[in-house]
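Colleague: Need coordinates for the below:
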Amino acid sequence: MTAVLHPGSNFVVIAVDSTRLLDGIPSVGIDWFNYGGLTRDLSLVTVPQAFIDDYDVHLAHGPSFDAGNTQLTGYVHVLDAPTGTAVTVDIPEADAKTTVKTDAEGNAPFSVNAAKLVLWSPDSPKLYKVHLIAGEDKLTDDIGFRDIRVDGTRILLNGKAIFLQGANMHAEAPVRGGRAYSQEDADTIFGFLKEMHANFVRLAHYPHDERMERTADRDGILVWSEIPNWQHISFDKPEVYAKAVSMLKEMIRRDRNKASVILWSVSNETPNNPTRTRFLSELVAEARKLDGTRLITSAIIGPRASGNEMLQNDPLCDVLDVVGQNEYVGWYDMTPEQADTIHWTLPQKPVLMSEFGAEAKFGNHGPVDQRWTEEQEVYILEHQFVMLRNIPQLRGTIPWILMDFRSPGRNIPKLQDGYNRKGLISEKGEKKQAFTLFQKVYAEHSVGRAD
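Modeller: Numbering: from 1, shown residues only. Here you go, the predicted structure:
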């Protein structure tokens, strides 16, 4: 803002327009509430003439995991810095410190060995104070260091196979309603996740408030982060692709120092056609150029069952590290009992069941064959678990969704009333029977395996 400020009083006017556009991301059709206005923090920050505007500090990512690796690497970018400006990276607790100099573009790449290093994981979410100094500018961040990669159909965290027990979550505040924007909101949401013994959350279908990732770092919850390429995108328009690249860059730039974030997702439930596949494949390549240390995924929809056979042959799967598979067997498709005998043919990659579930209104009870009851929601999920146990490359379960959320298209009176009711918890924080079911399954690790 410096260039437009003048001595004396200044004022700022911010115009916010939440109108959905056909060539927007997301487009005109979305299955969540399109909140308008300023829904997150707004800050005015005073900085020196030359200041740190971007940085990346991570564990060096070699061709294979090395348990003895203590090399930290990355870069610091100093905006408007003269060539040769000294930049210091200091991590006292790890006994790691180095000073490097900026190039003509203000970049200062670095590499330094830590004398000791505890790797971040859900069991030990260790964060280090990282101090960055460039001229008059200083900042401190809390950063964890870990290694994430795939090996065949396994997901390896710090060299060990891991199974992701999670849930989906929209950025909606429990009880109060509206956008989740405060630390109290994040604490409540992650409290639910910890209570159900989850180690993972998919932040659907757009980047959430940064407090969510920081709380995940603190609490040891792994994160799937996503840009809102959702269904009705104009994949044939170059200007839409440019918007997608911009969103991808913004997401990765903001959260590349969050140890909890292990998956960048480029889309959710997009139509299988060559135009879409080319668009998203190029976006995947762009994500890998921006960050080669994390895994790339997308949530795929379909196929329809042929008898009891489900063949997933979407070509987008070919370019992904991890395949997300959305399905609603027992709710939108087939019967709950038919899930028991379904045979899935899926890519020989790690597969996450990225959406599954059924709708129930909290407090609505009845027999298991009665729609919208808590009992039927549990019944459908129990048959889902039978199906999921028969998928050998399954490496994560992510039910839709942790909490009921507002959606204007969901208007069955007395049952939905403007809410998607697939939550394990109501929008008021009331736990359904399905929450207790997942709590038990996750505590016992009775669905899915890491190897």
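Colleague: Sketch out the helices for the protein, chain order is fine.
Modeller: For the chain, the helices defined by DSSP state H cover 183-195, 210-219, 238-255, 274-290, 374-388, 433-444.
Colleague: Next, format these as JSON lines and append distance to residue 409 and mean neighbour count.
Modeller: (Glycine included, C-beta is placed from N, CA and C.) Output for the helices of the chain, formatted as JSON lines (distance: least, Cβ to Cβ, whole Å; neighbours: other Cβ atoms under 10 Å):
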{"stretch": "helix 183-195", "distance to residue 409": "24", "mean neighbour count": "18"}
{"stretch": "helix 210-219", "distance to residue 409": "25", "mean neighbour count": "21"}
{"stretch": "helix 238-255", "distance to residue 409": "23", "mean neighbour count": "16"}
{"stretch": "helix 274-290", "distance to residue 409": "23", "mean neighbour count": "17"}
{"stretch": "helix 374-388", "distance to residue 409": "20", "mean neighbour count": "21"}
{"stretch": "helix 433-444", "distance to residue 409": "22", "mean neighbour count": "18"}
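Colleague: Residue 325: which of those is closest?
Modeller: With Cβ to Cβ as the measure, helix 374-388 is the member of the helices of the chain nearest residue 325 (10.3 Å).
Colleague: hey, C-alpha coordinates of that closest one in PDB?
Modeller: Extracted in PDB, the C-alpha atoms of helix 374-388 (Å, rounded to 0.1, in the frame of the first residue of the first chain):
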ATOM      1  CA  GLU A 374     -29.200 -42.300  12.400                       C
ATOM      2  CA  GLU A 375     -29.700 -46.100  12.400                       C
ATOM      3  CA  GLN A 376     -29.700 -46.200   8.600                       C
ATOM      4  CA  GLU A 377     -26.600 -44.000   8.400                       C
ATOM      5  CA  VAL A 378     -24.700 -46.500  10.600                       C
ATOM      6  CA  TYR A 379     -26.100 -49.500   8.700                       C
ATOM      7  CA  ILE A 380     -24.900 -48.100   5.400                       C
ATOM      8  CA  LEU A 381     -21.400 -47.400   6.800                       C
ATOM      9  CA  GLU A 382     -21.200 -50.900   8.300                       C
ATOM     10  CA  HIS A 383     -21.700 -52.400   4.900                       C
ATOM     11  CA  GLN A 384     -19.200 -49.900   3.400                       C
ATOM     12  CA  PHE A 385     -16.600 -51.200   5.800                       C
ATOM     13  CA  VAL A 386     -17.200 -54.800   4.500                       C
ATOM     14  CA  MET A 387     -16.500 -53.400   1.000                       C
ATOM     15  CA  LEU A 388     -13.500 -51.300   2.100                       C
END
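Colleague: Identify all contacting residues around that helix.
Modeller: 329-331, 336-337, 339-340, 342, 344, 353, 356-360, 362-370, 394, 397, 399, 432-434, 437-438, 441, 446-448 (Cβ atoms under 8 Å, 6 or more residues apart in numbering).
Colleague: Look at stretch 327-346 and report the distance between its end residues.
Modeller: 13 Å (Cα to Cα, to the nearest Å).
Colleague: Quick check: buried residues in it?
Modeller: 327, 328, 329, 330, 331, 334, 336, 338, 339, 342, 344, 346 (16 or more other Cβ atoms under 10 Å).
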